[in-house]
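Enquirer: Prediction below, plus the sequence it came from.
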Amino acid sequence: MSRPLPVKPWAEACERNRAPILEVLRSAFAAATQVLEIGSGTGQHAVFFAAALPHLVWQPSDRPEHLAGIAAWRDDAGLPNLRAPLALDVDAAHWPVTEYDAVFSANTLHIMSWMSVENFFRGVERVLLPGGVLAVYGPFSYGGRHTAESNARFDAFLRARDPLSGVRDFDEVCALAQRHGLAPVDDHALPANNRVLTWRRMGG
């Protein structure tokens, strides 16, 4: 008797935002060869982007409880450039990865504490090669002001659920990124009042 296939987790938001994000990544990661995705979630993005960007070796990662779902998407897709997901906690002193020329993360900074956001950029500084690109997708405020009422409501929801989380401010995130050797490249406006921010690792 054959075993039942693992249930693949699914998020409507991933289906909605994947195409606009891809258009940014086509340009941002055009010269890259290996990308680390931090916080792969359901695994939908990993499969979609790896299929659309075959020049990239895509490495998904997340906390251990999410790995089975990501693996189910990967196994079903059968893509040669999509690696098995790795367990990665941004707060860990050592990440199980080294030397990538691109890093991607979607919808993560606002569900972390600020300390974890700091650890995120500290870790990216360690693993991103000089000249490599970091791309981060999600909502951001500017000068302490939200770009839309929906983002203000979302921020209130996040903080009610976890006071340490919340929509991050563009200036604060960029200042943190620069302290960790990342120079700002672009700020792309995407649908639903989200952005893709990109930085390039200095040095080299």
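Expert: Structure received.

Enquirer: Doesn't residue 48 lie inside a helix?
Expert: Yes: under DSSP: H, G, I helix; E, B strand; the rest coil, residue 48 sits within a helix.

Enquirer: Number the residues from 422 up from this point.
Expert: Renumbered: residue one is now 422, and that last one reads residue 469.

Enquirer: Could I get the full set of strands for the protein?
Expert: 455-459, 478-483, 507-508, 521-527, 549-559, 561-562, 589-590, 603-611, 615-622 (DSSP state E).

Enquirer: so what strands line up beside the third one?
Expert: Taking DSSP bridges as the criterion, strand 507-508 pairs within the sheet with strand 478-483 (parallel).

Enquirer: Dig out what the residue nearest the centre of the chain forms beta bridges with.
Expert: The chain has residue 526 as the residue nearest its centroid, 0.6 Å off, counting by CA atoms, centre = their mean. On the basis of DSSP bridges, residue 526 is bridged to residue 557.

Enquirer: Which pLDDT value belongs to it?
Expert: Per-residue pLDDT puts residue 526 at 98.

Enquirer: I figured it hits residue 460, correct?
Expert: Yes: when contacts are counted by CB atoms under 8 Å, residue 526 is listed as touching residue 460 (5.3 Å). Every residue, glycine included, has its C-beta placed from N, CA and C.

Enquirer: what about residue 558, how many residues close to it?
Expert: Neighbourhood size, residue 558 [other CB atoms under 10 Å]: 23.

Enquirer: do the same with residue 505
Expert: That count, for residue 505 with other CB under 10 Å as the rule, works out to 11.

Enquirer: same thing with the one 5 residues further on?
Expert: Residues contacting residue 510 under the criterion other CB under 10 Å number 15.

Enquirer: what residues are up against the residue nearest to it when sequence neighbours are not counted?
Expert: Nearest-residue entry for residue 510: residue 484, 6.0 Å, with adjacent residues in sequence omitted and distances by CB to CB, 6 or more residues apart in numbering. Contact analysis of residue 484 by CB atoms under 8 Å, 6 or more residues apart in numbering lists 508, 509, 510.

Enquirer: show me where this protein has helices.
Expert: For the chain, the helices defined by DSSP state H cover 433-449, 465-473, 488-498, 535-548, 570-582, 591-600.

Enquirer: could those helices be laid out in JSON lines, adding distance to residue 613 and mean neighbour count?
Expert: Listed next are those as JSON lines, based on distance: least, CB to CB, whole Å; neighbours: other CB atoms under 10 Å:
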{"stretch": "helix 433-449", "distance to residue 613": "7", "mean neighbour count": "16"}
{"stretch": "helix 465-473", "distance to residue 613": "15", "mean neighbour count": "21"}
{"stretch": "helix 488-498", "distance to residue 613": "23", "mean neighbour count": "18"}
{"stretch": "helix 535-548", "distance to residue 613": "21", "mean neighbour count": "18"}
{"stretch": "helix 570-582", "distance to residue 613": "8", "mean neighbour count": "14"}
{"stretch": "helix 591-600", "distance to residue 613": "17", "mean neighbour count": "16"}
